[in-house]
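In: What shape does this take:
(chains A, B, C and D)
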Number of protein chains: 2
Amino acid sequence: MASIHDVAQLAGVSVATVSRVLNSSESVTEATRAKVRSAMLRLGYTPNPSARTLRNNRTGLLALITPDIINPYFAAVASGVQDMCRKSKYQLILCSTGGDESIEISYLDLLSNKQVDGIIIAPPGTHSNPKSDAKIQNLLNRNYPLVMIGRRFESETVGCDIVTTNTAVGTREAMRHILDGGHSRIAYLGGPNPSVAKTRLATFRSSLSANGLIIDENLIFQTNLTLEDGYKICRKLLSVANRPTAIFAVNDMVAIGAMIALQESGIAIPAEMIVVGFDDIPLAAMFRPSLSTVVQPKYDLGHIAAERLIARIEGLVDRFETISLPTHLVIRESSMSQQTSKMPEADNQLSRKNTTVL
Amino acid sequence: MASIHDVAQLAGVSVATVSRVLNSSESVTEATRAKVRSAMLRLGYTPNPSARTLRNNRTGLLALITPDIINPYFAAVASGVQDMCRKSKYQLILCSTGGDESIEISYLDLLSNKQVDGIIIAPPGTHSNPKSDAKIQNLLNRNYPLVMIGRRFESETVGCDIVTTNTAVGTREAMRHILDGGHSRIAYLGGPNPSVAKTRLATFRSSLSANGLIIDENLIFQTNLTLEDGYKICRKLLSVANRPTAIFAVNDMVAIGAMIALQESGIAIPAEMIVVGFDDIPLAAMFRPSLSTVVQPKYDLGHIAAERLIARIEGLVDRFETISLPTHLVIRESSMSQQTSKMPEADNQLSRKNTTVL
DNA sequence: GTGAAAGCGCTAACAG
DNA sequence: CTGTTAGCGCTTTCAC
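Out: The predicted model follows:
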């Protein structure tokens, strides 16, 4: 591997000069610049990033830590981050923790320690991760550039940029829609513990209360946020004595898993059970029946988070901000109110042909 | 940020000693070791990775470059890589190119330049990427530690470790199964260009020929490897004059997208159209009808690739090897031969209840 | 406009 | 068993 010295020697200049053309400093003659350029080319020279980092204290790298990159929701977020990185000449490193706190911690350690210039962290998929929360708090105290997607801490006054969505609005809209459909026994398929998507659950509860409905704790389920686990939890749900007539799921993956379980049990959607999800992943519009869901601006979430992070790294912002993006409900087949009377079998199969893809 | 000097000073020893306890060299008294340890703790010291890398020429990082991390196939591969990395104390960096060659190239440049100790590269999702192929060839010539998952080059004698699957066997088995079902008009939904999954297409053709069937080029389609694109291409397929009765898709995402299009058009699976996929992603077994598919040992692919890469980095292997893992067909609802006579409507819906989840 | 030299944090001879 | 020191490749004063 050729070093800056080799280039300098071949070009017949000093290393300082080479460094100058490398950093496109003005004060170099066009002639010397050309000499150096050609020497670089001839040697196939590329600067050593570690040396640069050691010297400059910056890497040009950003990291995105997500619990589960396979979830289309996070993929969309990542895509937004990616685009902003490219625009600003940063490279993105993706870190998927699989919901494992120890992996999350090891990433935080690794990355924050001069490996990347800043970190975007999305909420954990599994639990509240007290240890890694402490780690994050610690980074923030050291003024490390970090932006969170979605709220992670209770405290209002966390010293950190947050980009989040107004899930309460979307959730309320969804609950309104479900209640307007005349449903009173509504199941909530939530995250693996109550702290995940806390606002959604809280809004679920308050919407029920506001409508004078009692909250049946037996209809509040906990599940991992995958299609498979949504499927499983829904099978469990179906064994409940007084089966609900509506399902509100914490995300689309769980909702679609649930719909598969329903279809397998021959339960017509939406005739016998309506389903509403959260996120609006691409599959939501394609699945049959298509899934009603609360739209989140996933791409924007990532894009704005990256923009904010880069601004912070480059010292363009000083104050912390919490940016909240809007959400809204989109109604599709899975919760459409039926004009036809209930015809248990094959009902939704027949109606399917008359509906178009969104 | 505390440096090794600060620790040395606080502990009252030299930097060499601190470095020794850092690298767990034997020749340090338990007493001094303790002193140093506590100094580190007090200062919250963590070694600067750039300095280490600059000195040692190794980062302890591995990169996995995939075209599309959101595809469950690659996620499973990544998981295998991840586990092996953890076992061997390497950290994994995930790079998703989104099938964009320029992104792939910039990752190759970035990573190979002392940022990571080695690279695992999965095939591109889109095209044959001549430029990045050249880049890879260049890295290999420089003896850079790199292992490929799946064949990427024509040449047999590529100087590189390859971990791949014997797709010809699985494909032949799948075609045998389809042909045994009495189908003669079989569509192939392939990658975005013929070079993607070349063997599958070649085996598709040869299986037809071997059975005396003529190959209808109108039934060979090209599509991106996503669910959405599988859906779209299937709609196009359905507009063909003499509709086929079987679909063989290059991967499960495309196959499931196609099934959604079929269901939407009221075409019964498998009564009117059978579908066979490739990969065996989790959704394949869960979707209704469940998808017949060629199983690939995805996790093992990643695991073995990482093992091989690490061995090479650590100088434990010298020769290049091509490791080929087995594939096999698993038959599910989507291609089950029907005992009942053809009953276009709702036929597969009824049979559904009698089948169990795999 | 260009060069000499110090130093970023760390490791590995080499000396003692 | 421990300390001194050179140097990994780069950028950046400070001279000239």
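In: switch to C-alpha atoms for all contacts and neighbour counts from now on
Out: Will do.
In: which SS state does the residue nearest the centre of chain A fall under?
Out: In chain A, the centroid-proximal residue (Cα atoms, centre = their mean) is A:Phe74; its distance is 3.6 Å. Here A:Phe74 is helix, with the state taken from DSSP: H, G, I helix; E, B strand; the rest coil.
In: Can you list the buried residues in the strand or helix carrying A:Ala16?
Out: Using DSSP states H and E, the element containing A:Ala16 is helix A:15-22. Across helix A:15-22, burial judged by 16 or more other Cα atoms under 10 Å in any protein chain shown covers A:15, A:17-19, A:21-22.
In: Show me what from chain A comes close to DNA strand C.
Out: Residues of chain A lying near DNA strand C by Cα under 7 Å from any atom of the strand: A:12-17, A:26-29, A:31-33, A:51, A:54-55.
In: So which of those residues are in helices?
Out: With DSSP state H as the criterion, helices contain A:15-17, A:31-33, A:51, A:54-55 from among those.
In: Which parts of chain A are helices?
Out: A:4-11, A:15-22, A:30-43, A:49-56, A:72-87, A:101-112, A:130-141, A:167-180, A:198-210, A:227-238, A:252-264, A:282-286, A:298-313, A:347-352.
In: residues near the residue of the stretch 201-350 of chain A found nearest DNA strand C, how many?
Out: Across the stretch 201-350 of chain A, the shortest distance to DNA strand C (Cα to the nearest atom of the strand) belongs to A:Ile313, at 18.4 Å. Neighbourhood size, A:Ile313 [other Cα atoms under 10 Å in any protein chain shown]: 15.
In: do you know how far it is from A:Asn57?
Out: 12 Å (Cα to Cα, to the nearest Å).
In: for A:Ser24, same thing?
Out: Applying Cα to Cα to A:Ser24 and A:Asn57 gives a distance of 19 Å.
In: same check, this time on A:Pro130
Out: From A:Pro130 over to A:Asn57 the distance is 30 Å, taken as Cα to Cα.
In: quick one, the helix holding A:Ala16 and helix A:30-43 angle?
Out: Helix A:15-22 and helix A:30-43 are oriented at 90 degrees to each other (axes from the mean of the first three to the mean of the last three Cα atoms, to 10 degrees).
In: which helices and strands sit right next to helix A:15-22?
Out: In terms of contacts (3 or more Cα pairs under 8 Å, 6 or more residues apart in numbering or on different chains; DSSP states H and E), helix A:15-22 is packed against helix A:4-11, helix A:30-43.
In: one more time with 7 Å, if that's ok
Out: Applying 3 or more Cα pairs under 7 Å, 6 or more residues apart in numbering or on different chains; DSSP states H and E, one finds that helix A:15-22 contacts helix A:4-11.
In: Work out the gap between the helix it packs on and the centre of the chain.
Out: Remark: helix A:4-11 is offset 46 Å from the chain centroid, using Cα atoms, centre = their mean, to the nearest Å.
In: got the contact list for that helix?
Out: A:14-15, A:18, A:35-36, A:39-40 (Cα atoms under 7 Å, 6 or more residues apart in numbering or on different chains).
In: mind listing what's buried in it?
Out: Buried residues in helix A:4-11, counting neighbours by 16+ other Cα under 10 Å, are found at A:4, A:6-8, A:10-11.
In: ok, back up a step: show me which of A:Ser24 and A:Asn57 is the more surrounded one.
Out: Shown here are A:Ser24 and A:Asn57; by other Cα under 10 Å, A:Asn57 has more neighbours (15 against 11).
In: re earlier: what is the nearest of the residues of chain A next to DNA strand C to B:Ser337?
Out: A:Ala51 (64.1 Å; Cα to Cα).
In: Any idea how many residues pack against the residue lying closest to that closest one once chain neighbours are set aside?
Out: Using Cα to Cα, 6 or more residues apart in numbering or on different chains and skipping residues adjacent in sequence, the residue nearest A:Ala51 is B:Leu54, 6.0 Å away. B:Leu54: 18 surrounding residues under other Cα under 10 Å.
In: Just confirm B:Leu54 contacts A:Arg52, I think it does.
Out: No. Applying Cα atoms under 7 Å as the test, B:Leu54 and A:Arg52 come out as separate, 9.5 Å apart.
In: Leaving out the residues flanking it, which one is nearest to A:Val275?
Out: Spatial nearest neighbour of A:Val275, excluding adjacent residues (Cα to Cα, 6+ apart): A:Ile247 at 4.7 Å.
In: how close does that neighbour sit to B:Gly212?
Out: Distance check for A:Ile247 against B:Gly212: by Cα to Cα, it reads 52 Å.
In: Could you identify which of the helices of chain A is most buried?
Out: Mean neighbour count (mean count of other Cα atoms under 10 Å in any protein chain shown) peaks for helix A:252-264 among these, with a mean of 26.
In: Alpha carbons of that one, in CSV - could you do that?
Out: Presented in CSV, the C-alpha positions along helix A:252-264 are these (Å, rounded to 0.1, in the frame of the first residue of the first chain):
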residue,chain,number,x,y,z
ASP,A,252,-48.1,-4.2,10.0
MET,A,253,-46.0,-7.3,10.3
VAL,A,254,-47.9,-8.5,13.3
ALA,A,255,-51.2,-7.5,11.7
ILE,A,256,-50.5,-9.5,8.6
GLY,A,257,-49.3,-12.5,10.6
ALA,A,258,-52.7,-12.2,12.4
MET,A,259,-54.6,-12.1,9.1
ILE,A,260,-52.9,-15.2,8.0
ALA,A,261,-54.0,-17.0,11.2
LEU,A,262,-57.5,-15.7,10.7
GLN,A,263,-57.7,-16.9,7.1
GLU,A,264,-56.4,-20.3,8.1
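In: one step back: would you confirm that the residue nearest to A:Val275 contacts A:Val276?
Out: Yes. Between A:Ile247 and A:Val276 a contact is recorded at 6.2 Å, counting by Cα under 7 Å.
In: So these two - more neighbours on which side?
Out: In terms of neighbours (other Cα under 10 Å), A:Val276 is the more surrounded of A:Ile247 and A:Val276; the figures are 31 against 26.
In: Who are the contact partners of that one?
Out: A:247-249, A:255, A:291-293, A:334-335.
In: how much space between whichever residue of the stretch 251-358 of chain A sits closest to DNA strand D and chain B?
Out: Closest contact between the stretch 251-358 of chain A and DNA strand D, by Cα to the nearest atom of the strand, is at A:Glu314 (14.0 Å). Counting by Cα to the nearest Cα, to the nearest Å, the gap from A:Glu314 to chain B is 19 Å.
In: That residue - how many residues pack around it?
Out: By other Cα under 10 Å, the burial measure for A:Glu314, its neighbour count, is 11.
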